[in-house]
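*Asks:* pasting the structure only:
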C-alpha cells in the first residue's frame, strides 16, 4: 500500500527479468468492474519478461485501494497517478497503458503532464470529451435508478455486448454477477456516478499538442471505432490497431495479441522517434 494524494493505493510491481531494464510501464485499469488484476494476469508479466518494470495499481475506490466517499473526477484520478509516480520515485518518462476508463485517465495525464510520459497505449478507449461526458452521465444515471436486482440483470446483458467469449454458462454468469455487485456497492457508497461525467474534458486543441507516440488498440467489434478515427486525425503521432473478432474486452480476451502490439510499438519508439505519417486506415492485426 502506497500513500499518495491523501489516500492509500494498492500497488503491485513486477521487476524486469534477467536483463537490463528497458524502462517503466504503468498500467491504468478501467472503472467500476475492473482492478489491477486485469493486468497482473495479462500484460504485466509480458512486459516484465521483455525487460520493463511493470507498475500496476488499483484506482481509488477499486480493488484494495482506499474508497473515499467523494472525489472521483478525472482530475482526481490523474492527480493520484502523478502522486503515485512521485511516491515510487519514478523520475524518467513512463510508458502509460490504459484500458477503457484507464485510457481516458492516460490521455488526460499526457495532456497535463507530458514531460512524464514516453508513450501512451490506449485500449478500447478515448479522451474525456463533451460527448463522452454526456454518454457516461446518461448510462450512470440509468444504472443508479434501478433496483439492485434490475441493475444486475442490466449489467449481465450489457456484458454480453462487451465480451467476445461469454458462453452463458452458470459459472461465467456468477462471475459477472460478482462484478456487478462490486460495481453497485461502489456507485451506492460514493459520488463516482456524478463525479466521472462531471469532471474536466479535453479540447481538440489540447489533444493536438500531444507529441509523444500514441497507440490505440481496438477490438474489431468494439465501442470506440469512430472516436479512434477522430483521434488519429488529431494526434501528431498516432496509430490505430484493430484486433479481429474482438469486442470491448479485448485486453483480457486477446491479451497476447494486445501485448505484442503494445511491446512492438514501445520498442519502436523508445529510441529516436520518427515523424508520424498522416491519417490513414486502421492497421488490422493478423
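*Replies:* Happy to help now that I have it. Keep in mind the model is a prediction, meaning the values are calculated, not measured. Numbering: from 1, shown residues only.
*Asks:* drop to CA atoms for contacts and neighbour counts, all remaining ones
*Replies:* Will do.
*Asks:* Tally up the residues packed near residue 104, please.
*Replies:* 25 (other Cα atoms under 10 Å).
*Asks:* Now do the closest residue in space to it that isn't next to it in sequence against residue 194, distance only.
*Replies:* Spatial nearest neighbour of residue 104, excluding adjacent residues (Cα to Cα, 6 or more residues apart in numbering): residue 127 at 4.8 Å. Here residue 127 is placed at a distance of 18 Å from residue 194 (Cα to Cα, to the nearest Å).
*Asks:* hmm, back to that, residue 109 is in contact with the residue nearest to residue 104, correct?
*Replies:* No. If you go by Cα atoms under 8 Å, residue 127 and residue 109 don't touch, sitting 10.3 Å apart.
*Asks:* For the residue nearest to residue 104, what are phi and psi?
*Replies:* Main-chain dihedrals, residue 127, degrees, to the nearest 10: phi -80, psi 160.
*Asks:* which of residue 127 and residue 194 has more neighbours?
*Replies:* Taking neighbours as other Cα under 10 Å, residue 127 and residue 194 compare with residue 127 leading, 24 against 18.
*Asks:* For that one, give me its contacts.
*Replies:* With contact taken as Cα atoms under 8 Å, 6 or more residues apart in numbering, residue 127 is in contact with 103-105, 107-108, 201-202.
*Asks:* okay, now residue 139: neighbour count?
*Replies:* 11.
*Asks:* Pull out the buried members of the contacts of residue 127.
*Replies:* Using 16 or more other Cα atoms under 10 Å as the burial test, the contacts of residue 127 include 103-105, 107-108, 201 as buried.
*Asks:* Okay, buried residues for the helix ranked longest in the chain please.
*Replies:* As assigned by DSSP state H, the longest helix anywhere in the chain is helix 170-189. Buried residues in helix 170-189, counted by 16+ other Cα under 10 Å: 176-177, 179-184, 186-187.
*Asks:* in this structure, which spans are helices?
*Replies:* Going by DSSP H, the chain shows helices at 37-40, 43-49, 74-87, 101-112, 130-144, 148-162, 170-189, 192-198, 204-208, 225-234, 250-253, 255-270.
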